[in-house]
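**Student:** sequence plus predicted model, see below.
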Number of protein chains: 2
Amino acid sequence: MMTERKLATLLRREGYKVTPQRRAILKIVTETHDHLTPAALYERVQKAQPHIGLVTIYRTIQILEQLGLICEMHAERTSRSYLLKRASEHHHHIVCSGCGTVTDVTHCELEKLQEQLAKETGFEIDGHILEFFGYCRQCQRLKAE
Amino acid sequence: MMTERKLATLLRREGYKVTPQRRAILKIVTETHDHLTPAALYERVQKAQPHIGLVTIYRTIQILEQLGLICEMHAERTSRSYLLKRASEHHHHIVCSGCGTVTDVTHCELEKLQEQLAKETGFEIDGHILEFFGYCRQCQRLKAE
DNA sequence: ATGATAATTGATAATAATTTTCATTTAACC
DNA sequence: GGTTAAATGAAAATTATTATCAATTATCAT
């Protein structure tokens, strides 16, 4: 499991400083199971670090993304949103439209389809994005009420 | 094949007026094979309608999207981008990272996977987004040079 | 064809998301 | 503890998108 401490070590190893602001961000990111926009992350981090600036959030997100430690979601449109990369292999997400909880889908069987499509279309296919959305158990109950 | 004229008829049928501005937008959208951001569409439409406002582009895109006549792309992040919906059924796209050309993938076999995932995770899965990216034949050649 | 009417347009301003700049502060290393 | 390069935050700049509103215009019934 990825913890704040492990992420901090990874950052340090890459030459980044581990500041209290960054530590607070790492804490939130490792503890949450849903995807967060920069603004949402900012709001949560402020509780621990009231004087943090939104810019710091943006900058830290950028670093974490470059190091492949967080994933960007694709289904959201108004703002970007991110979540901790829990699975190290290639994987996809199921996102709850109700609460934003994200579950990983680690068995991806699109490579065959991808090869077939490459033959059919002449494209050299480098990758794909795939995301499922719907309602998690809890939100299904809430909807039913 | 979808033409400017057919789209215009559909708009009129839905109670929308077909203005010269909209006609110019429809023309570009039906003639291009890549996805366009509002700004890119604006730039192209201006050649035919120099006095058109960017707002009109946004508004027309919104109508076309509501009527299901264009698709929004998911891979782009800085701005939204759209393309004519050529296949009426559920389908996906292969996008060229070089030139932006989009090819439809009309055989989607994710329903089974989706059912399986629903069982495994307890999610009620409503849908998915899937997009492939890589290089089209022409851009492969250009890269090779 | 013409005129009435409601929708559309475009200029402008407002809002939202993201990035840049730069002087000040600070984590990491010795 | 001191040095140094990186990080921070305030503020401004940029980019994307949406809202407002007076002037214009496509459509439809004549």
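**Tutor:** All right, it came through fine.
**Student:** please name the nearest non-neighbouring residue to the spatially most central residue of chain A.
**Tutor:** Central residue of chain A (C-alpha atoms, centre = their mean): residue A:83, 2.1 Å from the mean position. Among residues not flanking residue A:83 along the chain, residue A:35 sits closest, at 4.1 Å (C-beta to C-beta, 6 or more residues apart in numbering or on different chains). From N, CA and C alone the C-beta is placed, and that goes for glycine too.
**Student:** phi, psi for that neighbour please.
**Tutor:** Here is the backbone geometry of residue A:35 (degrees, to the nearest 10): phi -90, psi 150.
**Student:** repeat that for residue A:133.
**Tutor:** Main-chain dihedrals, residue A:133, degrees, to the nearest 10: phi -140, psi 160.
**Student:** cool, residue A:115 as well?
**Tutor:** According to degrees, to the nearest 10, the main-chain angles of residue A:115 amount to phi -60, psi -40.
**Student:** for it, the count of nearby residues, please.
**Tutor:** Residue A:115 has 11 neighbours, counted by other C-beta atoms under 10 Å in any protein chain shown.
**Student:** gap between it and residue B:111?
**Tutor:** 20 Å (C-beta to C-beta, to the nearest Å).
**Student:** again, but for residue A:117
**Tutor:** From residue A:117 to residue B:111 the distance is 17 Å (C-beta to C-beta).
**Student:** now do residue A:144
**Tutor:** 24 Å.
**Student:** any idea how far the residue lying farthest from the centre of chain A is from chain B?
**Tutor:** Ranked by distance from the centre of chain A (C-alpha atoms, centre = their mean), the top residue is residue A:120, with 32.8 Å. Distance of residue A:120 to chain B, given as C-beta to the nearest C-beta, to the nearest Å: 9 Å.
**Student:** ditto for residue A:143
**Tutor:** 9 Å.
**Student:** and chain A, what are its domains?
**Tutor:** What the record gives for chain A is the domain set A:1-86, A:87-145, from automatic domain parsing.
**Student:** nearest to DNA strand C, out of those?
**Tutor:** domain A:1-86 (3.7 Å; C-beta to the nearest atom of the strand).
**Student:** near chain B, which residues of chain A show up?
**Tutor:** A:72, A:74-75, A:77, A:80, A:94, A:96-97, A:103, A:105, A:109-110, A:113-114, A:117-118, A:121-137, A:140 (C-beta under 8 Å from any C-beta of the partner chain).
**Student:** for PyMOL, write a command that selects the buried ones of the residues you listed.
**Tutor:** In PyMOL syntax, the buried subset of these is picked out as below (16 or more other C-beta atoms under 10 Å in any protein chain shown):
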select buried, chain A and resi 74+75+80+94+96+97+103+105+110+113+114+117+121+123+125+128+129+130+131+132+133+134+135+136
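**Student:** returning to what we had before: just say helix, strand or coil for the residue farthest from the centre of chain A.
**Tutor:** Taken by DSSP: H, G, I helix; E, B strand; the rest coil, the conformation at residue A:120 corresponds to helix.
**Student:** now the one 5 residues further on
**Tutor:** Following three-state DSSP, the label given to residue A:125 is strand.
**Student:** so how far is residue A:74 from it?
**Tutor:** Distance from residue A:125 to residue A:74, by C-beta to C-beta: 17 Å.
**Student:** again, but for residue A:16
**Tutor:** Separation of residue A:16 from residue A:74 (C-beta to C-beta): 26 Å.
**Student:** same check, this time on residue A:116
**Tutor:** For residue A:116, the distance to residue A:74 (C-beta to C-beta) stands at 23 Å.
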